[in-house]
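Novice: Below are the sequence and a predicted model for it; my questions follow.
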Amino acid sequence: MAKVLIIGAGGVGTVVAHKIARVPQVFAEIMLASRTKSKCDAIAKAVGPSRIQTAQVDADDVRQLVELFKDFKPKIVINVALPYQDLAIMDACLETGVNYLDTASYEPPDVAKFEYKWQWAYHDRFADAGLTAILGCGFDPGVTGVFAAYAAKHHFDEIHCLDIVDCNAGDHGKPFATNFNPEINIREVTQRGKYWENGEWIETEPHEIHKPLNYPISAPANPTSSTTKN
């Protein structure tokens, strides 16, 4: 059994906290940290008494992160904060000898550019430290990659084209509702598209390709089954 530290108390952090709290045989101690501690406290209260400790931390500040990691001594940090903060959290993990997992690739604050070159540059440093860093374990990439690999291995002889369609299928009673952080969601749908075909990356203008899809009507998602951050 191990200690786990979750950074981020938004919609995704809420889901992660609830899910992890259900497996005490794996995660003996849980800490939830965010810039706004009151959000962490509300999630901890909803999960149940004594399961989750909370803390305040600025995930842009490596020194604050290092102090928190040294104090709590987690085995792994689950980063569900903003993708702008990935590198600071990875730096803190390296300094304190903590394993790392996130749900979205780093991107610069001033431009939407989804690629892993910044985080892949950490590969040798984590390997030399004997630490694991798992990137992109959200829904897509993440869960959908597992689904696709399983299907390719167990159900298909060949796959020539693969489309991944993601929808939260609910509006939460709001005129505008997103799957996760609204700012990141808007950045995603307004950036240039990119897909792999015939051995090369093809780029498209935002919304250049349109495909109508009819989703089945479903009941509103509960707080422990929301779509995770990409």
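Specialist: Great, that's in hand.
Novice: Mind listing the strands the longest strand anywhere in the chain pairs with, and their directions?
Specialist: The strand that spans the most residues within the chain, counting by DSSP state E, is strand 27-34. Note on strand 27-34: by DSSP bridges, its sheet partners are strand 2-7 (parallel), strand 52-56 (parallel).
Novice: Would you mind measuring from the residue nearest to the spatial centre of the chain to residue 57?
Specialist: The residue lying closest to the centre of the chain (C-alpha atoms, centre = their mean) is residue 103, at 2.2 Å. Going from residue 103 to residue 57 by C-beta to C-beta, to the nearest Å gives 18 Å. Bear in mind the C-beta positions are built from the backbone N, C-alpha and C, glycine included.
Novice: And the worst-scoring helix or strand of the chain on mean pLDDT, what's buried?
Specialist: Least confident helix or strand of the chain, by mean pLDDT, DSSP states H and E, is helix 182-190 with a mean of 81. Neighbour counts over helix 182-190 (16 or more other C-beta atoms under 10 Å) mark 184, 185, 187, 188 as buried.
Novice: Spatially nearest residue to the second one, not counting backbone neighbours?
Specialist: What it means is residue 185. Distances taken as C-beta to C-beta, 6 or more residues apart in numbering place residue 178 nearest to residue 185, at 3.9 Å, with adjacent residues excluded.
Novice: Surely that neighbour is within a strand?
Specialist: No. Using DSSP: H, G, I helix; E, B strand; the rest coil, the secondary structure at residue 178 is coil, not a strand.
Novice: Show residues contacting the helix or strand hosting residue 145.
Specialist: Take DSSP states H and E as the rule and residue 145 turns out to sit in helix 143-154. With C-beta atoms under 8 Å, 6 or more residues apart in numbering as the test, helix 143-154 has contacts from 136, 137, 159, 162, 164, 166, 228.
Novice: State the number of residues packed around the nearest residue to the third one once chain neighbours are set aside.
Specialist: What it means is residue 159. Closest residue to residue 159 in three dimensions, ignoring its sequence neighbours and counting by C-beta to C-beta, 6+ apart: residue 152, at 5.5 Å. The number of residues packed near residue 152 is 13, by other C-beta atoms under 10 Å.
Novice: quick one: the helices in the protein?
Specialist: Taking DSSP state H as the criterion, the chain carries its helices at 11-21, 37-47, 62-72, 86-96, 117-120, 123-128, 143-154, 182-190.
Novice: Which positions within the longest one qualify as buried?
Specialist: For helix 143-154, the buried set under the neighbour-count rule, 16+ other C-beta under 10 Å, comprises 143, 144, 148.
Novice: Switch those over to TSV; also include distance to residue 113.
Specialist: Converted to TSV, the buried residues of helix 143-154 look like this (distance: C-beta to C-beta, whole Å):
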residue	distance to residue 113
143	23
144	21
148	24
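Novice: could the residues you listed go into CSV alongside distance to residue 210 and pLDDT?
Specialist: Formatted as CSV, these follow (distance: C-beta to C-beta, whole Å; pLDDT from 0 to 100):
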residue, distance to residue 210, pLDDT
143, 25, 86
144, 21, 87
148, 23, 91
